[in-house]
Structures are given as C-alpha cells and as structure tokens.
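[1] What follows is a protein structure lacking sequence information:
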C-alpha cells in the first residue's frame, strides 16, 4: 500500500512538472497556447464536447455499521473510467464507476475485498454525474465542481448480498495539455449505502480520496 501511495504522488509530480514546462513554453509562444485548448473548432468545456478519461486516486475509507461510524479506516488505490458530454458551455453530464480497484484485482467498476479468511466481497458501482467547469482567462485551466449519485451492489462469498444508493462530491482542476489531452487533479468525498432488505439503519462506507487523471476530449 505504501508503494501505491508513492505511485500516485510520483505521477502527480510528473504531471505538475509538465504543466510548469508547458506554461513557460506558452508564454513564449502565444499561438501554441491557443491551439492547445481546442478540439477542431471547439474549445474544451463548450457545448457538444465529449470528455473521456480515467482517474487514479488514493482513498481512506471508514466503515458504517447500523448507523454508527466505526473508528479506524483502511486505504485503497482505485482506478475509474469516466465519460462526459457538455450539454451547454461549462455544464457537463456523465457517469463514472466510483471505486473500481482494490489492490491489483478486477478493474472496470468492480471492487474486490478479502479479509484473508476465505471470505471475499465484491462491490459493483455505477454513478451518474453533473458538473460545472469554470472557464479561466488562459483557457487552459478549468476548475470544476461535480455532484454524483448512483447505485452500489455488494455480494459476499458466503452468499449474503446488500445494495443501496450512494452520493458524492468531487472538485478540482482540469488542465488542457494539447489539442486533445487533458489532465485532472481532484479530491472526492463519497458515501455508499450497502444494506440488506431488512436493515433498519444504514450500513456502508464513507471515504475521502485525492487523485490524478488523464483523458481526452473531442
């Protein structure tokens, strides 16, 4: 887990270094800055633009049992594909797969957990998103705020299953690096409910994560 956290930190440093070099180049080459923010004849975050990407994040998770938040937490590295479409300038709808990767196993919207005692848990999640991307003066950095709501389903090797709605908030910045390349730096809070049919109180997870992503737009 320590190595996973270092991987996220190293990736963030590399991307930040790229941004610094790019800014220096753009100041000396104004036409390069203009070209890097557009896809065809459209600027990023304008109506009709599609965004496709993936996000890697390091998360700290706290479990909730019968309405009570437990002390202590555990951490995971997760990877999640994300898709979006701008219905108007700045306003984007889309979906992502929430937590999608528990160390080394099963990407693509499935989280796989094991307690080391032949009891395994698989969590499948899908979230719809609504976000607003704020245009800045240079048209290469876009702060954004995003709301998330979705469904989670959990199954255990012993045969028990639970499910429920989840919600979350995410914010950060998107940086246009070239005409089609996009970097994202974000922080997210997500609350998952995973109840069995007769559970009177909430069970599930609360977690906070920070991450970096790479993607494209067209």
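    Happy to help now that I have it. Here the structure is a predicted model, which means the values were calculated and not measured.
[2] Quick one: mean pLDDT for stretch 162-178?
    Throughout stretch 162-178, pLDDT has a mean value of 93.
[3] just stretch 73-87 next, same as before
    Stretch 73-87 comes out at a mean pLDDT of 80.
[4] go on, stretch 133-152?
    Mean predicted lDDT for stretch 133-152 stands at 92.
[5] and residue 143, bridged to which residues?
    For residue 143, the beta-bridge partners under DSSP bridges are residue 173.
[6] ok, it touching residue 173?
    Yes: in this structure residue 143 lies within contact range of residue 173 using CB atoms under 8 Å: 5.2 Å. The C-beta positions use only the backbone N, C-alpha and C, and glycine is treated the same way.
[7] okay, those two: which has more neighbours?
    residue 173 (16 against 13; other CB atoms under 10 Å).
[8] number of nearby residues for residue 78?
    Count around residue 78 with other CB under 10 Å applied: 23.
[9] which residues does it bridge with?
    Counting by DSSP bridges, the residues bridging with residue 78 are residue 57.
[10] That one and residue 59 touch, don't they?
    Yes: between residue 78 and residue 59 there is a contact at 6.0 Å, judged by CB under 8 Å.
[11] Could you pull up the residues touching the closest residue to residue 131 other than its chain neighbours?
    Among residues not flanking residue 131 along the chain, residue 146 sits closest, at 3.6 Å (CB to CB, 6 or more residues apart in numbering). Listed by CB atoms under 8 Å, 6 or more residues apart in numbering, the contact set of residue 146 reads 129, 130, 131, 132, 169, 170, 171.
[12] Poorly predicted segments of this protein, please.
    Along the chain, the parts satisfying pLDDT under 70 run over 1-41, 74-75, 77, 79, 98-122, 156-160.
[13] sorry, back to before: just the buried ones from the contacts of residue 146?
    129, 131, 170 (16 or more other CB atoms under 10 Å).
[14] Kindly reformat the residues you listed as CSV containing distance to residue 218.
    Formatted as CSV, the buried ones among the contacts of residue 146 follow (distance: CB to CB, whole Å):
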residue, distance to residue 218
129, 19
131, 18
170, 22
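[15] Can you list which of those are found in helices?
    With helices taken from DSSP state H, there is no overlap with those.
[16] Just name the closest of those to residue 51, please.
    Closest approach to residue 51 among those (CB to CB): residue 131, at 9.7 Å.
[17] beta partners of the closest one?
    Beta-bridge partners, per DSSP bridges, of residue 131: residue 92, residue 146.
[18] Do I have it right that it meets residue 145?
    Yes: taking CB under 8 Å as the definition, residue 131 is a contact partner of residue 145 at 6.4 Å.
[19] Show me the common contact partners of these two, please.
    residue 170.
[20] How many residues are close by residue 197?
    So residue 197, with other CB under 10 Å, has 7 neighbours.
[21] Look up how far residue 151 lies from it.
    Look at residue 197 and residue 151: by CB to CB, to the nearest Å, they are 15 Å apart.
[22] thought residue 208 was touching residue 187?
    Yes: counting by CB under 8 Å, residue 187 is a contact partner of residue 208 at 7.3 Å.
[23] Which residue ranges of this structure form strands?
    Here the chain has its strands, by DSSP state E, at 38-39, 42-43, 50-65, 68-69, 74-88, 91-96, 110-114, 120-133, 141-156, 161-176, 181-193, 204-217.
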